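Asker: the sequence isn't on hand, but the structure is:
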């Protein structure tokens, strides 16, 4: 994820968590939180990219920039322009996941998929990316919280070896639903890696191949 991705990421976050307020401060997460790692899934639209004109170079005199800055302070913050239609975006972000690399564990803090792209294996692909990241950072323990009512997500996590290790009562601020604490503590073992490779291959056979590139 980059700062330029944030408007689309916030769009997905609002779809997935409509009662969440305030929204996640992704810019601060990216620029100031050294623990944070955010991964986005991008669908490339070659037709939209081909039709997008190159922006003309902009030249601003220093005094004009200062004047506009003063006007913004007087009139209030500038409203962000609306995002282009989905079909007109050269790069459409369809999902994201956040992982904090703590001293003794990797912790999944958020995951979301765009409404129109759900049930296409993308949530599982993001989980695969998070496990890849944990292994690359040599973190043997991977943890997360999930709503007790989200049976589909719990089943996915348990498929990848997560176990229920705790309960956080009234964890979610919107409706005070409990959260299950799930942990897999063996992602660096040969046994887990072998099973993980099987699951990754199974995902590829069902949903197709993806260019999964991590920094």
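Answerer: Happy to help now that I have it. Remember, predicted model here, so these are calculated numbers, not experimental data.
Asker: now the helices for the chain?
Answerer: 6-16, 26-32, 46-51, 62-75, 122-136, 151-159, 190-207 (DSSP state H).
Asker: buried deepest among the ones you listed, which one?
Answerer: helix 122-136 (a mean of 20; mean count of other CB atoms under 10 Å). Any C-beta I mention is one placed from the backbone N, CA and C, and that applies to glycine too.
Asker: return the residues in contact with the nearest residue in space to residue 42 that is not next to it in sequence.
Answerer: If the residues on either side of it in the chain are set aside, residue 42 comes closest to residue 91, at 5.1 Å by CB to CB, 6 or more residues apart in numbering. When contacts are counted by CB atoms under 8 Å, 6 or more residues apart in numbering, residue 91 touches 42-45, 49.
Asker: and if you look at residue 194?
Answerer: No contacts exist for residue 194 under CB under 8 Å, 6+ apart.
Asker: and the gap between the closest residue to residue 121 other than its chain neighbours and residue 123?
Answerer: Leaving aside its sequence neighbours, residue 121 sits nearest to residue 207 (CB to CB, 6+ apart; 3.6 Å). Residue 207 is 11 Å from residue 123, where distance means CB to CB, to the nearest Å.
Asker: related to what we said a few turns ago, between the helices of the chain, which one is nearest to residue 177?
Answerer: helix 151-159 (13.0 Å; CB to CB).
Asker: tell me the mean pLDDT over the closest one?
Answerer: Summarised as a single mean, pLDDT over helix 151-159 is 97.
Asker: how about stretch 125-134?
Answerer: On average, stretch 125-134 scores 96.
Asker: which residues are contacting it?
Answerer: In contact with stretch 125-134 (CB under 8 Å, 6+ apart) are residues 37, 39, 41, 95-97, 99, 106, 108, 111, 113, 142, 156-157, 160, 187, 196, 199-200, 203, 207, 210, 212, 214.
Asker: which of those residues count as buried?
Answerer: 37, 39, 41, 95-97, 99, 106, 108, 111, 113, 142, 157, 160, 187, 196, 199-200, 203 (16 or more other CB atoms under 10 Å).
Asker: go through the chain and flag its longest strand.
Answerer: Longest strand in the chain, counting residues (DSSP state E): strand 91-101.
Asker: so how far is that strand off the chain centroid?
Answerer: Chain-centre distance of strand 91-101: 2 Å, with CA atoms, centre = their mean, to the nearest Å.
Asker: shaky segments in this protein?
Answerer: Along the chain, the parts satisfying pLDDT under 70 run over 46-81, 84, 86-87, 214-215.
Asker: cutoff 80 now
Answerer: For the chain, the stretches flagged by pLDDT under 80 are 46-89, 212-215.
Asker: contact partners for the residue minimising distance to the centre of the chain?
Answerer: In the chain, the residue lying closest to the centroid (CA atoms, centre = their mean) is residue 96, at 2.1 Å. Neighbouring residues of residue 96 by CB under 8 Å, 6+ apart: 1, 5, 9, 12, 38-41, 110-112, 126.
Asker: nothing else from me, thank you.
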